[in-house]
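A.B. asks: Got a predicted model here, sequence first, then my questions.
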Amino acid sequence: MNKIYCGNGATSYPKAPLMGEAMLDYINNVGCNVNRGAYSSSYKAENVLYETRELICELFNFDKPENVVFTPNITTSLNIVIKGLLKKGDNVIVSSMEHNAVMRPLNSLNDIMITKVNCNFLGEIKLKDL
């Protein structure tokens, strides 16, 4: 029987090619956290992290790797962005299909307005409704 995986919202499967090998290499050859010591493997971990930030900058055409932030998951990222950027009186336009990871932090902010635009049964928004 073929395996069908339906949890890609939580984690991707199968992983991208070479991902497991890269993780195993890091575990076996670096094996420590960033900024936790003044020894060679700690510096190597810091270099891996910074190189990753540079690659992300290249991917998104951004020039400040020191401003690339890693979070444990997208829900945490959304909370940081939503609660960090919105201010009293802002109006946020969302679709009627927004995920809880978006709606929960929005609903927790009492000083903003939320405008919900309905989608049709295909998940489409009509431009006139927007």
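C.D. replies: Everything's here; your move.
A.B. asks: And the helices in this protein?
C.D. replies: Under the criterion DSSP state H, the chain contains helices at 19-29, 40-60, 74-85, 100-108.
A.B. asks: Buried ones in the second one, by neighbour count?
C.D. replies: By that I understand helix 40-60. Buried residues in helix 40-60, counted by 16 or more other CB atoms under 10 Å: 42, 44-46, 48-49, 53, 57. To be clear about C-beta, it is placed using only N, CA and C from the backbone, and glycine gets the same treatment.
A.B. asks: ok, so of those residues, who is nearest residue 93?
C.D. replies: residue 57 (28.9 Å; CB to CB).
A.B. asks: What sits closest to that closest one if chain neighbours are left out?
C.D. replies: residue 65 (5.0 Å; CB to CB, 6 or more residues apart in numbering).
A.B. asks: For that neighbour, which residues are in contact?
C.D. replies: For residue 65, the contact set (CB atoms under 8 Å, 6 or more residues apart in numbering) comprises 50, 53-54, 56-57.
A.B. asks: nearest residue to the residue most central in space within the chain other than its sequence neighbours?
C.D. replies: Residue closest to the mean C-alpha point of the chain, counted by CA atoms, centre = their mean, is residue 74 at 3.7 Å. Distance criterion CB to CB, 6+ apart; nearest residue to residue 74, sequence neighbours excluded, is residue 101 at 6.5 Å.
A.B. asks: ok, that neighbour to residue 113 distance?
C.D. replies: Separation of residue 101 from residue 113 (CB to CB, to the nearest Å): 20 Å.
A.B. asks: So for these two, which sits in the more crowded spot?
C.D. replies: Between residue 101 and residue 113, counted using other CB atoms under 10 Å, the more crowded position is residue 101 (16 against 10).
A.B. asks: Was I right to think that one contacts residue 75?
C.D. replies: Yes: using CB atoms under 8 Å, residue 101 makes contact with residue 75 at a distance of 4.4 Å.
A.B. asks: how's this protein carved up into domains?
C.D. replies: 19-67, 74-117 (automatic domain parsing).
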